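Enquirer: fold the stuff below for me.
(one chain, ligands or ions: 2)
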Amino acid sequence: MGVKSWILPLLLLQILFGKFGIAELDQHTERISGSAGDVLEDDPVGRLKVFVYELPLKYNKKIVGRDPRCLNHMFAAEIFMHRFLLTSPVRTLNPEEADWFYTPVYTTCDLTPNGLPLPFKSPRVMRSAIQFISTNWPYWNRTEGADHFFLVPHDFGACFHYQEEKAIQRGILPLLKKATLVQTFGQENHVCLKEGSIIIPPYAPPQKMQAHMITPDTPRSIFVYFRGLFYDVGNDPEGGYYARGARASLWENFKNNPLFDISTEHPTTYYEDMQRAVFCLCPLGWAPWSPRLVEGVVFGCIPVIIADDIVLPFADAIPWEEIGVFVAEKDVPNLDTILTNIPIDVILRKQRLLANPSMKQAMLFPQPAQPGDAFHQILNGLARKLPHDKSIYLKPGERTLNWTAGPKGDLKPW
Ligand SMILES: *[C@@H]1O[C@H](CO)[C@@H](O)[C@H](O)[C@H]1NC(C)=O
Ligand SMILES: *[C@@H]1O[C@H](CO)[C@@H](O)[C@H](O)[C@H]1NC(C)=O
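Expert: Ligands and ions are numbered 1, 2, ... in the order given. Coordinates of the predicted model:
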């Protein structure tokens, strides 16, 4: 397409989003009542009781004490969920009345100098923690973990590897076969996502995002916005493997397109820019998920999700189809046509739904916690699984998990 054909859409955009952007929130907020959207406001208190195991500090506090970067990392949910539960009214000190058991083990807080996670010790740390709870309390053996939940926010959850191929080879840690996993990784029909897992948003720093809020009537003058890698040359020297080629295609097709504000440069105005954009691209990277999804929702920028078969956070409570745009990886070359063909009224409706504060709240892990935030959505998800099926309780002495299954290296003590 020549430059001329862009003039009309650009003009239209300036008129529509300049004048009628998400101005006064009251008039421009919409909620989906009587559908999944309402579940976000459920109060989990009184619907479940959680027992928090007390572990030696080497499984949690000491790990984060050694590297405080873990507190700002996109995997920080494993730490903040622990802190949240300690003072939550759903906590019970009496394990006999607990519906769920929680083991506070930080398996992701092991970072390279560049801040990338090193999940190589994670299986041993997790195994060791399970060994500890199963020898010191009777509850693990009762169900082999079926009434226990664990936070595993790694790239590929409890597969504990950042490369998909290796993660698939490893599979989910055998000891976690029966437990409920709370994880950021979500992709349909993938060995690293088992049935019944709760998918959560990655951690994004709430105070920092709040500090960058600009006035909501700021015109959305950027059509498409994206900052991030297109090629991960360091880890993917041949190219084409990273993001299954979707990001490379994005760059090659749209680097010179005036509607696309895309680059690898992360400006200091990144958060503000998202509030000035209509569409924010959320393509897969090494894993299908990224913090852009959270940022898009919080900043009212319609997330354009490019990650085939992704399972999105709290998908049983958040109407993702209505607030976001889904584009198949193979359709990236047509992204301009796809996005410019979305009718204005559809765009405005998505913006109104995004303006609903309960949608934003569900994406964040604020400290202190607030009603409807991601902590509460996790509890709601756990409450919806109750009561437990009686079949989870084993006969005395009955065992089905294999403690020696999995790679030999994982069996070394930690
Ligand atoms: C749980 O079972 C294991 C063997 O599978 C045993 O070593 C352990 O002592 C049991 N825990 C309790 C608290 O009885
Ligand atoms: C447990 O797993 C190991 C390693 O894969 C295997 O050698 C062993 O036979 C398994 N034990 C049972 C009881 O299935």
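Enquirer: what about the helices in the stretch 151-300 of the chain?
Expert: For the stretch 151-300 of the chain, helices defined by DSSP state H, counting those that start in this stretch occupy the ranges 164-170, 206-211, 246-254, 270-275, 292-298.
Enquirer: helix or strand for His82, which one?
Expert: Per DSSP states H and E, His82 falls inside helix 77-87.
Enquirer: residues making contact with that helix?
Expert: Residues outside helix 77-87 that contact it (Cβ atoms under 8 Å, 6 or more residues apart in numbering) are 50, 52, 60, 64, 70-71, 91, 102, 104, 106-109, 151-153, 182, 184, 200, 202-203, 365, 367, 369, 374-375, 378. Where C-beta positions appear, they are placed from N, C-alpha and C, glycine not excepted.
Enquirer: surely Val298 is in contact with Lys360?
Expert: Yes - under the criterion of Cβ atoms under 8 Å, Val298 makes contact with Lys360 at 5.0 Å.
Enquirer: can you confirm Pro113 is in a strand?
Expert: No - going by DSSP: H, G, I helix; E, B strand; the rest coil, the assignment for Pro113 is coil, not a strand.
Enquirer: for it, grab the count of nearby residues.
Expert: 5 (other Cβ atoms under 10 Å).
Enquirer: again with Leu229
Expert: Other residues close to Leu229 by other Cβ under 10 Å number 17.
Enquirer: can you tell me how far the nearest residue to it once chain neighbours are set aside sits from Gly228?
Expert: Counting by Cβ to Cβ, 6 or more residues apart in numbering, Leu229 lies nearest to Thr264, which is 6.0 Å off, once chain neighbours are set aside. Distance, Thr264 to Gly228, by Cβ to Cβ, to the nearest Å: 7 Å.
Enquirer: again, but for Thr143
Expert: Looking at Thr143 against Gly228, where the rule is Cβ to Cβ, the gap reads 42 Å.
Enquirer: now swap in Pro237 and tell me
Expert: When Pro237 is compared with Gly228 (using Cβ to Cβ), they lie 19 Å apart.
Enquirer: neighbour-wise, which of these two wins?
Expert: Summary of the neighbour comparison: Pro237 and Gly228, criterion other Cβ under 10 Å, with Gly228 having more neighbours (18 against 9).
Enquirer: thought the more buried one was touching Gly285?
Expert: Yes - because the distance of 7.3 Å satisfies Cβ under 8 Å, Gly228 is recorded as touching Gly285.
Enquirer: any shared contact partners between the two?
Expert: If you check Gly228 and Gly285 against Cβ under 8 Å, 6+ apart, the residues they both contact are Arg247.
Enquirer: do you know the pLDDT at Leu11?
Expert: Leu11 carries a pLDDT score of 44 in this model.
Enquirer: and His376, what does it touch?
Expert: Applying Cβ under 8 Å, 6+ apart to His376 gives the contacts 42-44, 369.
Enquirer: what distance do you get for whatever residue of the stretch 301-414 of the chain ends up closest to ligand 1 to Asp389?
Expert: Nearest residue of the stretch 301-414 of the chain to ligand 1, counting by Cβ to the nearest ligand atom: Arg399, 5.6 Å away. The spacing between Arg399 and Asp389, counted by Cβ to Cβ, is 19 Å.
Enquirer: distance check, Asn189 against ligand 2.
Expert: Noted for Asn189: a distance of 24 Å to ligand 2, by Cβ to the nearest ligand atom, to the nearest Å.
Enquirer: can you name the residues of this structure that neighbour ligand 1?
Expert: Residues of the chain found near ligand 1, taking Cβ under 6 Å from any ligand atom as the criterion, are 134-135, 138, 141, 399.
Enquirer: can we see that at 8 Å?
Expert: Among all residues of the chain, those adjacent to ligand 1 (criterion: Cβ under 8 Å from any ligand atom) are 134-138, 140-141, 399, 403.
Enquirer: put the buried members of these into a PyMOL selection.
Expert: To isolate the buried subset of these in PyMOL, counting by 16 or more other Cβ atoms under 10 Å, use the following:
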select buried, resi 134+140+141
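Enquirer: could you list the low-confidence segments of the protein?
Expert: Screening the chain residue by residue with the criterion pLDDT under 70, one finds the ranges 1-28, 32-37.
Enquirer: tell me the centre residue of it?
Expert: In the chain, the residue lying closest to the centroid (Cα atoms, centre = their mean) is Pro201, at 2.4 Å.
Enquirer: so that one sits against Leu293, correct?
Expert: Yes - with contact defined as Cβ under 8 Å, Pro201 reaches Leu293; the gap is 6.6 Å.
Enquirer: now the common contact residues for those two.
Expert: Joint contacts of Pro201 and Leu293 (Cβ under 8 Å, 6+ apart) are 313, 363.
Enquirer: any residues of this structure in contact with ligand 2? List them.
Expert: Contact residues (Cβ under 8 Å from any ligand atom) of the chain with ligand 2: 174, 402-406.
Enquirer: quick one: which of those residues is nearest Val191?
Expert: Within the residues of the chain next to ligand 2, the smallest distance to Val191 is 12.3 Å, found for Pro174 (Cβ to Cβ).
Enquirer: so what's the closest one up against?
Expert: With contacts defined as Cβ under 8 Å, 6+ apart, the neighbours of Pro174 are 401-402, 405-406.
Enquirer: just the buried subset of those residues, written out for PyMOL, thanks.
Expert: Typed into PyMOL, the next command selects the buried ones out of the contacts of Pro174 (criterion: 16+ other Cβ under 10 Å):
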select buried, resi 401+406
